[in-house]
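Colleague: Dropping a prediction and its sequence here:
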Amino acid sequence: MSRETWDLGHPYDKSGSDVVAEHPYEDVPVPWVKPDSILYRDKVIVVLYTVRRGPHGTTYVPGKAYWCWCSVEGREQQAGMFSISGAEDKSPQTWGGLREVTPSQVVAVEWHGDIHTEVWYQGDCYDVDGAPTFRQHGEVPHYEMHIRRNADYSQIPVGLRPKPPEPDPDDHVWGEADGKSFH
């Protein structure tokens, strides 16, 4: 039996590894396909805000809205600073009841927001609670953010509920790349 070496790195080239620039699929664009991953389970609308400070106070000015592939996870079982304890503010607010005790967590492979970011998920509006954290461990590097719902719109009649802003359909969707899925 002969000990022939097969060049399986270039099976479609004309003459093996000597041909470098003549791959048959080199210039063909590859469409993005949603990966079968927990990081692509939910699609939320993200609105970036700008802080404007003036002589009459500080205002938040909404910017562009973007779609973002992510995973929104409830944190009902999380203990620690968000658990119900004596140190937590349980007094009613002047603008609508108790603050929500249980935040949710957003896990995304691409994130361009900061602490002044708004997230729309399943018809409700959430504020990012703290700075995003970049995690380099695990299978895929990703960002983690805590979000806190600022209003439960299910209590408002459908015709009076605030509507999320519509992202521009031509804009980049966070988590998608041209031909790359980060996996």
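Modeller: Arrived safely, thanks for sending.
Colleague: which residue ranges form the strands in this protein?
Modeller: 42-54, 57-74, 104-108, 117-121, 124-128, 133-135, 142-149 (DSSP state E).
Colleague: Who are the packing partners of the second one?
Modeller: The one in question is strand 57-74. Judged by 3 or more CB pairs under 8 Å, 6 or more residues apart in numbering; DSSP states H and E, strand 57-74 is in contact with strand 42-54, strand 104-108. Placement of C-beta: from N, CA and C, glycine included.
Colleague: do the fifth one as well
Modeller: If you count contacts as 3+ CB pairs under 8 Å, 6+ apart, strand 124-128 packs onto strand 117-121, strand 142-149.
Colleague: any idea of the mean pLDDT in stretch 166-179?
Modeller: Averaged across stretch 166-179, the pLDDT comes to 84.
Colleague: I'd like to know which of the helices and strands packed on strand 57-74 is closest to residue 158.
Modeller: strand 42-54 (18.4 Å; CB to CB).
Colleague: before we move on, the earlier item: which one of the strands of the chain lies closest to residue 157?
Modeller: Across the strands of the chain, closest to residue 157 is strand 124-128 (CB to CB), at 15.1 Å.
Colleague: how about the CA coordinates for that closest one, as PDB?
Modeller: The C-alpha coordinates for strand 124-128 follow below in PDB (Å, rounded to 0.1, in the frame of the first residue of the first chain):
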ATOM      1  CA  ASP A 124     -42.500  46.700  27.500                       C
ATOM      2  CA  CYS A 125     -39.700  49.300  28.000                       C
ATOM      3  CA  TYR A 126     -36.700  48.500  30.100                       C
ATOM      4  CA  ASP A 127     -33.700  50.700  31.200                       C
ATOM      5  CA  VAL A 128     -30.200  49.300  31.400                       C
END
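Colleague: now the angle from it to strand 142-149?
Modeller: Put simply, strand 124-128 runs at 120 degrees to strand 142-149, going by axes from the mean of the first three to the mean of the last three CA atoms, to 10 degrees.
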